[in-house]
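Trainee: attaching a predicted model along with its sequence, questions to come.
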Amino acid sequence: MPNDIPAPDGKVARRVLHFFWLTDYSASMGGKKIATLNQAIRESLPLIQKAVAAHPQVQVMMRAIKFSDEATWHVGPAPVSIEQFFWPELQADGLTATAKAVRLLISELSVEKMPRRGLPPVCILVSDGYCTDPEGEYDKAIADLNHTPWGMKAIRLAIAIGDESDYNEPELLKFSNQEKLGILKAHTPEELLNFIKWASTEATLSSSRSKSKDLTSETSNVALSPPPPTITSSTEPF
Amino acid sequence: MEETRKTVPVSISPIGWACGCSRRGTSHAKDGRPCQDAHAIWSSSFMGEPILAVAVADGHGGARHDLSHCGAALAIQAAVGEVIASLPVAGSVGAWRPVSLAGEEEFHTRVTARWRESVVADAGRKPGLSPDGEGVPDLLTRYGSTLLIALIDGSECWVGQIGDGDILLVRPDGSIEAPVPKDETLLGMVTYSLSSRDSPGLWRTARFPIGAGGLLLLATDGLSDSFENPESEFHVFARSLSERVTGFGIERVGSALPGWLDGYSLNGSGDDMTLVLVSLNPVPGAEGFEQRTGETGMAPGNGTEAEAGGGTGSGPGGETPNAS
């Protein structure tokens, strides 16, 4: 019997993986740091596309929050498909409103904006300094992030730039929920380039691979293994 | 993509019609993984009362659940097997109900226990795999699966669910009922499982009268995850599917199911997919009884269907695997 029944209605779509950059563009990021950041994110985009090509059921949608005196959308708030995503140049200026950036992120991680069924979002924070928001604001923002359903489930990574004395390691550690990984410390432009590429592709792949599991035997979120060591010809620090 | 299996609707007079389909997802086909879904449709009568049991299971997949395709097949067997085992206990005509109203151990608890026993037995038959060599909890994890069940007699339906997946009822007027509410504690792609330590407490169950009838859907999560919004757009799909059944008959809809599911997997979640449909006739006295009875235009008869997507063998006694 010929079967020419039209398929039932309903919009079909691939699984959406929401990817958020949170990038510091405070004055201390000037020079090599911001130049390397701009370059690294641009170079990571085709790598993410290539990595996710093995998972055609996944659609990566990307957004970016930039923060200095304030936190604003660099790309967004509407998510942009990875194929359409373009990274506008960042120019360093101002302070380091990390708490405000986290707050902006939280506003997009509610179950009202992201359905309960979905892949864990990827959130990568890149910073070289101390949060300059009023004291306690950062901890409050992190506490709220940890109580936001998708904030808890997200793959959250932090990349620190420069010398350990320049940035607030405990502060950045609170953003990361990758216990084995801690924070990624980029002392040199080459390390920053590598970490941004590695973190963005590995986190995207890990989220894409995540699928139904027995919740009661799986207590932790998606966990990433440490990155391979950076083989570098240049050790010149920032 | 796997060879399309013939999907033959099963008539269960006077309950209605049922058909189902399990398909290997495009991502599984690409990686050479088996379909980890399974479903069973079992019908019979006991002391003159019609009985229909439907089970849908979704093995978790992944390295930690490497035998979950077997776990899914064992899950549907456990569900139907427990129905059969419970029949003689019912005792008298008209007294049979799939689930006792009070007093006895809950049906789903017995299904869970039966599944666990069958997993241990299955492991014992596999070379190099024995619960003696590893703890039973770890073994159960390897077989981990969800399970959705619908048990229907002449007047009412009981549904039970552990883990993700969807059970929807589209009424003749187009309204949609979700007898088992979504578990708001689940977020992302995680799910509860028959292998969960406290699995008897993780079941969600409901009982409802068939009344005006309608189309009952049981589906694994791969299907609803293929829609832009797994809730609202999936409801659009369910309502539209009900219209297709009304307009074209369940036999033609059943024939179209494999192709549709393959399309959803290709353009959507990539996951394995199972969809079982039960077209419920209105019960005598209910609104729409005269108009809807027998409207599929198919000859009445009896039949059973079972399919283990993982290819691990036929289900419990009585069913006949579909021909490929």
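Mentor: Thanks, I have it.
Trainee: so which elements touch the lowest-mean-pLDDT helix or strand in chain A?
Mentor: One helix or strand of chain A scores below all others by mean pLDDT, DSSP states H and E: helix A:189-209, with a mean of 82. Packing partners of helix A:189-209 (3 or more Cβ pairs under 8 Å, 6 or more residues apart in numbering or on different chains; DSSP states H and E): strand A:15-24, helix A:32-52, strand A:122-127, strand A:155-161, strand A:184-186. For every residue, glycine as well, the C-beta is placed using N, CA and C.
Trainee: so for the second one, mean pLDDT?
Mentor: I take that to be helix A:32-52. For helix A:32-52, mean pLDDT is 90.
Trainee: buried stuff in it?
Mentor: Across helix A:32-52, burial judged by 16 or more other Cβ atoms under 10 Å in any protein chain shown covers A:32-34, A:36-38, A:40-41, A:44-45, A:48-49, A:51-52.
Trainee: cool, and the third one?
Mentor: By neighbour count, and taking 16+ other Cβ under 10 Å as the criterion, the buried residues in strand A:122-127 are A:Val122, A:Cys123, A:Ile124, A:Leu125, A:Val126, A:Ser127.
Trainee: and the angle from the helix or strand just after that strand to strand A:155-161?
Mentor: Sequence order places helix A:137-147 as the next helix or strand after strand A:122-127, per DSSP states H and E. Calculated by axes from the mean of the first three to the mean of the last three Cα atoms, to 10 degrees, helix A:137-147 forms an angle of 150 degrees with strand A:155-161.
Trainee: alpha carbons of helix A:137-147, as CSV, please.
Mentor: Presented in CSV, the C-alpha positions along helix A:137-147 are these (Å, rounded to 0.1, in the frame of the first residue of the first chain):
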residue,chain,number,x,y,z
GLU,A,137,29.0,40.9,45.3
TYR,A,138,31.1,38.3,43.6
ASP,A,139,30.4,35.7,46.2
LYS,A,140,26.7,36.4,46.1
ALA,A,141,26.7,36.1,42.3
ILE,A,142,28.5,32.8,42.5
ALA,A,143,26.1,31.5,45.2
ASP,A,144,23.2,32.5,42.9
LEU,A,145,24.9,30.8,40.0
ASN,A,146,25.2,27.6,42.0
HIS,A,147,21.5,27.7,42.8
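Trainee: continuing past that helix, what's the next helix or strand?
Mentor: Next along from helix A:137-147, by DSSP H and E: helix A:149-153.
Trainee: about what we covered before: will you turn the buried residues of strand A:122-127 into JSON lines that also has distance to chain B and pLDDT?
Mentor: Converted to JSON lines, the buried residues of strand A:122-127 look like this (distance: Cβ to the nearest Cβ, whole Å; pLDDT from 0 to 100):
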{"residue": "A:Val122", "distance to chain B": "13", "pLDDT": "90"}
{"residue": "A:Cys123", "distance to chain B": "14", "pLDDT": "93"}
{"residue": "A:Ile124", "distance to chain B": "19", "pLDDT": "92"}
{"residue": "A:Leu125", "distance to chain B": "21", "pLDDT": "94"}
{"residue": "A:Val126", "distance to chain B": "25", "pLDDT": "93"}
{"residue": "A:Ser127", "distance to chain B": "27", "pLDDT": "93"}
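Trainee: now these in TSV, with distance to A:Pro149?
Mentor: Formatted as TSV, the buried residues of strand A:122-127 follow (distance: Cβ to Cβ, whole Å):
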residue	distance to A:Pro149
A:Val122	16
A:Cys123	14
A:Ile124	20
A:Leu125	19
A:Val126	24
A:Ser127	25
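Trainee: widest-spaced pair of those?
Mentor: A:Val122 and A:Ser127 (16.8 Å; Cβ to Cβ).
Trainee: number of nearby residues for B:Val245?
Mentor: A total of 25 residues lie near B:Val245 under the criterion other Cβ atoms under 10 Å in any protein chain shown.
Trainee: kindly report the same for A:Gly30.
Mentor: 14.
Trainee: wait, doesn't it sit right on A:Leu90?
Mentor: No: judged on Cβ atoms under 8 Å, A:Gly30 makes no contact with A:Leu90 at a distance of 10.4 Å.
Trainee: quick one: low-confidence parts of chain B?
Mentor: B:1-6, B:90-105, B:131-134, B:286-324 (pLDDT under 70).
Trainee: now chain A
Mentor: A:1-3, A:210-221, A:230-235.
Trainee: what about the helix or strand hosting B:Ala72, near chain A?
Mentor: Using DSSP H and E, B:Ala72 maps to helix B:68-90. No: between helix B:68-90 and chain A, judged by Cβ under 8 Å from any Cβ of the partner chain, nothing touches; the nearest distance is 9.3 Å.
Trainee: repeat that for stretch B:233-248.
Mentor: Yes: counting by Cβ under 8 Å from any Cβ, chain A has neighbours in stretch B:233-248: B:Glu233, B:Phe234, B:Val236, B:Phe237, B:Ala238, B:Arg239, B:Ser240, B:Leu241, B:Glu243, B:Arg244, B:Phe248.
Trainee: could you pick out the buried ones from those?
Mentor: Looks like these have B:Glu233, B:Phe234, B:Val236, B:Phe237, B:Ala238, B:Arg239, B:Ser240, B:Leu241, B:Arg244, B:Phe248 buried, using 16+ other Cβ under 10 Å.
Trainee: tell me which element the closest residue to A:Asp133 other than its chain neighbours falls in.
Mentor: With Cβ to Cβ, 6 or more residues apart in numbering or on different chains as the criterion, A:Asp133 has its nearest non-adjacent residue at 3.9 Å, and that residue is A:Ala99. Per DSSP H and E, A:Ala99 falls inside helix A:98-106.
Trainee: what residues does that helix touch?
Mentor: Contact partners of helix A:98-106, identified using Cβ atoms under 8 Å, 6 or more residues apart in numbering or on different chains, comprise A:20, A:22, A:24, A:65-67, A:70-73, A:123, A:125, A:127, A:131-133, A:137-138, A:140-142, A:144-145, A:148, A:151, A:171, A:175.
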